[in-house]
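1. Please work out how this folds:
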Amino acid sequence: MTLFTLLLVLIAERLFKLGEHWQLDHRLETLFRRVNAWSMFKTLLMTALAMLVTFLILRALLGLFFNVPLLVAWILIGLLCIGAGKVRLHYHAYLKAAARNDSHAHAAMASELTLIHGVPPGCDEREFLRELQNALLWINFRYYLAPMFWFIVGGPWGPVLLVGYAFLRGWQSWLARYHTPNERQQSGIDAILHVLDWVPVRLAGVVYALLGHGEKALPAWFASLGDRHTSQYQVLTSLAQYSLAREPHMDKVETPKAAVSMAKKTSLVLVVVVALLTIYGTLI
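-> Numbering: from 1, shown residues only. Predicted coordinates for the structure are as follows:
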């Protein structure tokens with residue numbers, strides 16, 4: 001059921017998930033507005049409650065009407081949690097603005113795409129485009145690769161882990177957009193996601209390494225296995241940049257397109273791996 005649901009979710013996401021309507025992050029904003037104190041305990045408590053509600057819903061639907069309502073619930077949860085939604089609109093708006101040399105519009109869209117990690121001040125055009133590539137690679141990881149990983153490893157309760165991860169992702173984005181770095185640090189969200197992202201980042205990283213210059217990327221990937229301190233963002237993007245080394249880094253349109261194309265290949269590899277594991281009976 002995992003592969004079947006995942007394929008349906010990805011197809012539906014590509015066909016009509018083009019805004020905030022089917023995005024869990026957007027649906028949670030009403031809750032996030034009411035939070036006026038920040039701590040790691042509160043972050044974990046809110047996440048646990050979201051996962052508990054999801055577990056209870058799935059438990060209540062288990063066995064009803066040949067599990068058809070349960071399948072529908074899996075698909076709806078997957079659609080809410082997997083996919084970039086509005087962020088994809090920002091990406092297409094950036095491409096249009098860059099193609100017509102609208103510097104103000106394309107800078108505004110670039111700031112939306114680099115919301116979480118930002119761009120170092122004083123960087124030149126080449127460095128800026130590389131950072132934009134990294135941001136797009138991270139968006140693909142945050143909204144596709146990591147959610148699919150937790151959905152798959154969760155087995156029969158994959159949607160529960162998926163909701164928990166999407167909740168943390170949405171909370172981090174909310175804090176980055178509307179609150180200070182100090183408040184974000186107090187929430188503990190970055191530390192929590194650093195731990196949760198460790199395994200999926202290494203799995204995505206090995207795909208990037210194999211797709212690119214393996215003779216350089218693979219030693220870096222093996223070194224990352226013992227690295228507990230470097231941010232997962234830096235680990236993933238540094239490995240991906242080995243694959244993008246031969247791509248253009250001075251074109252405002254083609255540079256981000258190269259990163260998105262590479263990210264799509266990695267997502268496809270993950271789906272193929274899931275299909276093979278399902279065929280051989282490793283996954284249900």
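2. what comes up buried for the lengthiest helix in the chain?
-> Of all segments of type helix in the chain, defined using DSSP state H, the longest is helix 254-279. For helix 254-279, the buried set under the neighbour-count rule, 16 or more other Cβ atoms under 10 Å, comprises 255-260, 262-263, 266-267, 269-270, 274, 278. (Each C-beta comes from the backbone N, C-alpha and C, glycine too.)
3. can you tell me which residues contact residue 224?
-> Residue 224 makes contacts with 202, 205, 230, 235, 239, as judged by Cβ atoms under 8 Å, 6 or more residues apart in numbering.
4. Can you tell me the closest non-neighbouring residue to the spatially most central residue of the chain?
-> For the chain, the residue sitting closest to the mean C-alpha position, by Cα atoms, centre = their mean, is residue 142 at 1.2 Å. Leaving aside its sequence neighbours, residue 142 sits nearest to residue 169 (Cβ to Cβ, 6 or more residues apart in numbering; 5.8 Å).
5. how far away is that neighbour from residue 197?
-> Between residue 169 and residue 197 the distance is 10 Å, computed by Cβ to Cβ, to the nearest Å.
6. repeat for residue 74
-> Counting by Cβ to Cβ - residue 74 and residue 197 are separated by 23 Å.
7. next one: residue 90
-> Residue 90 sits 22 Å away from residue 197 when distances are taken as Cβ to Cβ.
8. Show me what the mean pLDDT comes to for the one helix or strand residue 162 maps to.
-> Of the helices and strands defined by DSSP states H and E, residue 162 is found in helix 158-178. Mean pLDDT, helix 158-178: 93.
9. Could I get the buried residue list for stretch 163-177?
-> The neighbour-count criterion (16+ other Cβ under 10 Å) identifies 163-176 as the buried residues of stretch 163-177.
10. what separates the residue in the chain sticking out farthest from the centre from residue 81, distance-wise?
-> Most distant residue from the mean C-alpha position of the chain: residue 65, 33.5 Å away (Cα atoms, centre = their mean). Using Cβ to Cβ, one obtains 24 Å as the distance from residue 65 to residue 81.
11. Which SSE is immediately downstream of the helix holding residue 162?
-> Where DSSP H and E defines the elements, the next helix or strand beyond helix 158-178 is helix 181-187.
12. Restricting to C-alpha, output the helix or strand that comes right after that next one in PDB.
-> As assigned by DSSP H and E, the chain's next helix or strand after helix 181-187 is helix 189-196. Taking Å, rounded to 0.1, in the frame of the first residue of the first chain, the C-alpha atoms of helix 189-196 are listed here in PDB:
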ATOM      1  CA  ILE A 189      13.300  23.300  16.100                       C
ATOM      2  CA  ASP A 190      16.600  23.400  14.200                       C
ATOM      3  CA  ALA A 191      18.200  21.000  16.700                       C
ATOM      4  CA  ILE A 192      15.300  18.600  16.400                       C
ATOM      5  CA  LEU A 193      15.300  18.600  12.600                       C
ATOM      6  CA  HIS A 194      19.100  18.300  12.600                       C
ATOM      7  CA  VAL A 195      18.700  14.900  14.300                       C
ATOM      8  CA  LEU A 196      15.700  13.800  12.200                       C
END
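13. quick one: buried residues of the next helix or strand after helix 189-196?
-> The helix or strand immediately downstream of helix 189-196 is helix 198-211, counting by DSSP H and E. Using 16+ other Cβ under 10 Å as the test for burial, helix 198-211 gives 200, 201, 202, 204, 205, 206, 207, 208, 209, 211.
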